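Novice: here you go, sequence then predicted model.
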Amino acid sequence: MNKDSAIFVAGARGLVGSAIVRRLQASGYTNVLYPSRQELDLSDADQVKKYFEGMKPEYVFIAAAKVGGILANNTQPVEFLLENLKIQNTLIPISYECGVKKLLFLGSTCIYPKFCEQPIKESALLSGPLEPTNEAYAIAKIAGIKLCQAYKKEYGFNAICAQPTNLYGPNDNFSSTGSHVIPGLMRRIMEAKEAKLEKIACWGTGTPTREFLFVDDLADACIFLMDSYDGIDIVNVGTGDEISIADLTKLICEQVGWEGEIEWDTSKPDGTPRKVCDISKLKSLGWNPKVDLAKGIELTLSWFKEHQNSIRT
């Protein structure tokens, strides 16, 4: 990408898209296109085609998606499947039709089987049953990956696919019903401290392990891949490190400064027992994460404290 290339970021108001925009602008890219949802409905093919014909983007980052934690995924499978399919089935074909030079589609490590070998290699895709609580989201993302690969194979369209692990950071969703684990825990523990509660309940056993990537690191990796990778195979993006949900909760409690008790509600699902990525492919290309978990939580907590009055819903 040149500094004056027209670069379109889908989902620029979300966690990932906003980080990509920040990173591009900080790196001196001067023609970054990131219309709001009110300005451009990404599921409306007529609107998107008209926009692309007018603005002529050369590079496209697809970070737009309906996302959420276990509760949201488990209770809204129709919405997670349909909304994500609509977005990617609009953007990928129109990008090709309108002459986009290169497209990066962001999937998720939710695409991998529930009980696949750990750390998860890219080759594990479609090797076993998915985690039931996020199956609809995963199926939509797998369809997006396969569509990109089909366009590359059949038409030579330079569409690449990155699979980020669990993400967190500034501009995350901190809602009480739709958030992922780190922002959800951060909000609940902050509220427990403010209310002087002695204990709170958390879902599951606390024993599953997860890998977490600071979103600014993901943005850096996306731009790196756009500049340096043209392969048809998917690429994992993560840290290669894992932590139990119980230890993660303890870390957030320490940073918030709340000394209460966590009660684990074992009647609620844990989700996948272990999930950590093999990131050897990305490392072999020359990229490594920069922000460790403790520092990332500190930065995210600072952002949340600054914005909490405006983001609580």
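Specialist: Perfect, I can see it now. Since the structure is predicted, the reported quantities are computational estimates derived from the model, not experimental observations. Numbers count the residues shown, from 1 in each chain.

Novice: pretty sure Ala246 contacts Cys253?
Specialist: No - the criterion here is C-beta atoms under 8 Å, and Ala246 misses it with Cys253 at 10.6 Å. Backbone N, C-alpha and C define where each C-beta goes, glycine included.

Novice: which neighbours do the two share?
Specialist: Taking C-beta atoms under 8 Å, 6 or more residues apart in numbering as the criterion, Ala246 and Cys253 both touch Ile262.

Novice: ok, then the element right after the helix or strand of the chain with the lowest mean pLDDT?
Specialist: One helix or strand of the chain scores below all others by mean pLDDT, DSSP states H and E: helix 70-75, with a mean of 72. Heading C-terminal from helix 70-75, the first helix or strand you meet, by DSSP states H and E, is helix 77-97.

Novice: can you list the buried residues in that following helix?
Specialist: By 16 or more other C-beta atoms under 10 Å, the buried positions in helix 77-97 come out as 77, 80-81, 83-96.

Novice: tell me where the stretch 1-150 of the chain has strands.
Specialist: For the stretch 1-150 of the chain, the strands defined by DSSP state E, counting those that start in this stretch occupy 7-10, 32-33, 59-62, 102-106.

Novice: counting contacts, what elements does the last one pack onto?
Specialist: Taking 3 or more C-beta pairs under 8 Å, 6 or more residues apart in numbering; DSSP states H and E as the contact definition, the neighbouring helices and strands of strand 102-106 are strand 59-62, helix 77-97, helix 135-155, strand 159-164, helix 215-228.

Novice: picking up where we left off before, adding distance to Thr239, mean neighbour count and mean pLDDT, write the strands of the stretch 1-150 of the chain out as JSON lines.
Specialist: Below are the strands of the stretch 1-150 of the chain laid out as JSON lines (distance: least, C-beta to C-beta, whole Å; neighbours: other C-beta atoms under 10 Å; pLDDT from 0 to 100):
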{"stretch": "strand 7-10", "distance to Thr239": "23", "mean neighbour count": "26", "mean pLDDT": "98"}
{"stretch": "strand 32-33", "distance to Thr239": "27", "mean neighbour count": "20", "mean pLDDT": "98"}
{"stretch": "strand 59-62", "distance to Thr239": "21", "mean neighbour count": "27", "mean pLDDT": "98"}
{"stretch": "strand 102-106", "distance to Thr239": "17", "mean neighbour count": "24", "mean pLDDT": "98"}
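
Novice: what's the closest of those to Glu259?
Specialist: strand 102-106 (37.9 Å; C-beta to C-beta).

Novice: got the contact list for the closest residue to Ile297 other than its chain neighbours?
Specialist: Distance criterion C-beta to C-beta, 6 or more residues apart in numbering; nearest residue to Ile297, sequence neighbours excluded, is Gln255 at 5.6 Å. Applying C-beta under 8 Å, 6+ apart, we find Gln255 in contact with 294, 297-298, 301.

Novice: filter those down to the buried ones, ChimeraX style.
Specialist: Selection of buried members from the contacts of Gln255 for ChimeraX, criterion 16+ other C-beta under 10 Å:
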select :297,301
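
Novice: out of the contacts of Gln255, which one sits closest to Met226?
Specialist: Ile297 (27.8 Å).

Novice: hmm, the closest one is touching Pro183, no?
Specialist: No - applying C-beta under 8 Å, one finds Ile297 not in contact with Pro183, separated by 10.4 Å.

Novice: what do the two both touch?
Specialist: Common neighbours of Ile297 and Pro183, using C-beta under 8 Å, 6+ apart, are Tyr168.

Novice: what helix or strand does the residue nearest to Ile297 sit in?
Specialist: helix 245-256.

Novice: number of residues surrounding Ala246?
Specialist: 17 (other C-beta atoms under 10 Å).

Novice: contacts only, for Leu125.
Specialist: 111-112, 142, 145, 234.

Novice: hmm, who's touching stretch 153-163?
Specialist: Residues from elsewhere that reach stretch 153-163 (C-beta under 8 Å, 6+ apart): 92, 95-96, 101-109, 111, 122, 144-145, 148-149, 151-152, 221-222, 225-226, 229-232, 234-237, 277.
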